[in-house]
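S.K.: fold the following, please.
(chains A and B)
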Amino acid sequence: MDPEGEPPRIFRRAGTADLAFLDGLLEELDPFLMSGVDGANQDRALFLLAVSEVVTNIVTHGGRDASLTVEVVLLPGEARATIEDTAPVAVIPWDRIALPAADAESGRGLAIAREVLDELHHHATDTGNTWSLRRVLGPAS
Amino acid sequence: MNLIRTAEGDVCVIRIDGRFTASGAPLLRNAVSDAIDEGSTRIVVDLSDTTFIDSSGLGALIGGLKSARVAGGDLRIAGAPDAVLTVLRLTNLDRVLLNHPSAEAAFGGS
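M.R.: This next block holds a predicted model:
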């Protein structure tokens, strides 16, 4: 039980790291985030955006055989996601992650995710990568 | 995501409904390419019913903009809801992809 008395709400989805997985994930995660616990809708929408960016990054760079598991925990006042993949270990040059020039057609994903999250961490595991995302949810307006 | 391409006079209107993400990005690139091949270089992307956009959707819009300009035309967006405008502002692309109130207004008077 959360200290504020409300149990966390948990969402899980696992599958192959491809665009069909991403589409299905967003289809299910969007209503999960938008229902239940109080919190500004824009915060939830930006958290969904961050999840989309990280999963797209895994799909794009993770190779054909990668799989992933997404777990989202919605607590009063914050949303957290843990994304585990079996892709080759990603080397993220965090000091060079920034929005590219306006005419760039790619390269914004992780910069956006980092911008809209309060925490974004990546670490390599024995089987791939783990991504941890957290965003504070403001009160509903 | 659904994409519908129509002609309004000499302007091509491409309407995107739903979530505009990596799976939909190639659809927009192809629609813009087809429009240009058919002689329409003034293109409006109507985002009135776009519920979500991420960096892949933004990249496709930028790609379409560049293609249209190379062909001597332009690509403009219209009707973008707050969910889309927020992401455009976040990435500073609101200065490049100016939102117009409607598809009809996007090339009005130009």
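
S.K.: would you mind listing what in chain B touches chain A?
M.R.: B:19, B:21-23, B:52, B:54-56, B:58-60, B:62-63, B:66, B:83, B:86-87, B:90-93, B:95-96 (C-beta under 8 Å from any C-beta of the partner chain). (Glycine included, C-beta is placed from N, CA and C.)

S.K.: per-residue pLDDT, A:Gly138?
M.R.: What the model reports as pLDDT for A:Gly138 is 84.

S.K.: for it, which three-state class applies?
M.R.: With DSSP: H, G, I helix; E, B strand; the rest coil as the basis, A:Gly138 sits in coil.

S.K.: that one and A:Leu46 touch, don't they?
M.R.: No. The criterion here is C-beta atoms under 8 Å, and A:Gly138 misses it with A:Leu46 at 10.7 Å.

S.K.: looking at those two, which one has more neighbours?
M.R.: A:Leu46 (23 against 13; other C-beta atoms under 10 Å in any protein chain shown).

S.K.: what number of residues lie near B:Asn99?
M.R.: Neighbours around B:Asn99, by other C-beta under 10 Å: 16.

S.K.: separation between it and B:Leu3?
M.R.: 19 Å (C-beta to C-beta, to the nearest Å).

S.K.: also A:Arg96?
M.R.: 34 Å.

S.K.: neighbour-wise, which of these two wins?
M.R.: B:Leu3 (16 against 7).

S.K.: my guess is A:Asp103 meets B:Gly64, correct?
M.R.: No. Using C-beta under 8 Å, A:Asp103 is not in contact with B:Gly64; the gap is 12.0 Å.

S.K.: which one's more surrounded, these two?
M.R.: B:Gly64 (25 against 12).

S.K.: my read: that one touches B:Leu75, true?
M.R.: Yes. B:Gly64 is within contact range of B:Leu75, at 4.9 Å (criterion: C-beta under 8 Å).

S.K.: overlap in contacts of these two?
M.R.: B:32, B:43, B:45 (C-beta atoms under 8 Å, 6 or more residues apart in numbering or on different chains).

S.K.: neighbour-wise, which of those leads?
M.R.: Counting by other C-beta under 10 Å, top hit in the shared contacts of B:Gly64 and B:Leu75: B:Val45 with 29 neighbours.

S.K.: show me what the mean pLDDT comes to for the host helix or strand of that one.
M.R.: Taking DSSP states H and E as the definition, one finds B:Val45 inside strand B:42-46. Strand B:42-46 shows a mean pLDDT of 98.

S.K.: given it, what are its sheet partners and their directions?
M.R.: Strand B:42-46 has the following strand partners under DSSP bridges: strand B:11-20 (parallel), strand B:74-78 (parallel).

S.K.: how about those strands in CSV, adding distance to B:Leu27, mean pLDDT and mean neighbour count?
M.R.: Compiled in CSV, the strands paired with strand B:42-46 are given as follows (distance: least, C-beta to C-beta, whole Å; pLDDT from 0 to 100; neighbours: other C-beta atoms under 10 Å in any protein chain shown):
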stretch, distance to B:Leu27, mean pLDDT, mean neighbour count
strand B:11-20, 8, 97, 22
strand B:74-78, 15, 97, 22
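
S.K.: what about the strands in chain A?
M.R.: For chain A, the strands defined by DSSP state E cover A:9-16, A:67-75, A:78-85, A:119-124, A:129-136.

S.K.: Serialize those to TSV and add fields for distance to B:Glu38 and mean neighbour count.
M.R.: Shown next, in TSV, are the strands of chain A (distance: least, C-beta to C-beta, whole Å; neighbours: other C-beta atoms under 10 Å in any protein chain shown):
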stretch	distance to B:Glu38	mean neighbour count
strand A:9-16	37	14
strand A:67-75	40	20
strand A:78-85	41	21
strand A:119-124	43	14
strand A:129-136	43	20
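
S.K.: thanks a lot, catch you later.
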